[in-house]
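> based on what follows, work out the 3D shape:
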Amino acid sequence: QVQLVESGGGLVQPGGSLRLSCAASGFTFENYAMSWVRQAPGKGLEWVSDINSDGGNTYYLDSVKGRFTISRDNAKNTLYLQMNSLKPEDTAVYYCVKQVFRVVGVSYDYWGQGTQVTVSS
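The predicted structure is shown next:
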């Protein structure tokens, strides 16, 4: 069965960095676009970033452009999100999400359990 397991979250001071990882199994990882989606306390889901199946195209929420970098290692079946210059407003649970197709779209079919990122001094 499809499994997406996030790791790398934690508590970091403003201006700090974290790298999230998502270990994927149960499907052919290199055949699907992937996404990161977050949910801040008391708020709805917010899309953060997409990457297509071969990693050649990436997309970002405006508020994270220039600070976050999505990447993938298809040989390791792993998705990453490098987060730099973190701000308190980045505090959220971050979810790794599998898309339905190779190219980026808006159709998701599997979600990880999420990893908490807290940015606070």
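
> quick one: the strands in this protein, in order.
3-7, 10-12, 18-25, 34-39, 45-51, 58-60, 68-73, 78-83, 92-99, 108-111, 115-119 (DSSP state E).

> any idea what sits nearest Val103, other than its immediate chain neighbours?
Asn52 (5.4 Å; CB to CB, 6 or more residues apart in numbering). Yep, even glycine has a C-beta here, placed from its N, CA and C like the rest.

> so the residue nearest to Gly9 when sequence neighbours are not counted bridges to which residues?
Closest residue to Gly9 apart from its sequence neighbours, by CB to CB, 6+ apart: Thr115 at 3.4 Å. Here Thr115 sits in beta bridges with Tyr94, as judged by DSSP bridges.

> from here on, call the first residue 827.
Yep, numbering from 827; the last one is Thr941 now.

> wait, Thr941 sits on Ser833?
Yes. Contact criterion CB atoms under 8 Å: Thr941 and Ser833 qualify, at 6.2 Å.

> how close does Gly881 sit to Ala859?
Using CB to CB, to the nearest Å, we find Gly881 at a distance of 10 Å from Ala859.

> and if you look at Ser875?
With CB to CB as the criterion, Ser875 and Ala859 are 11 Å apart.

> likewise Asn903?
Look at Asn903 and Ala859: by CB to CB, they are 14 Å apart.
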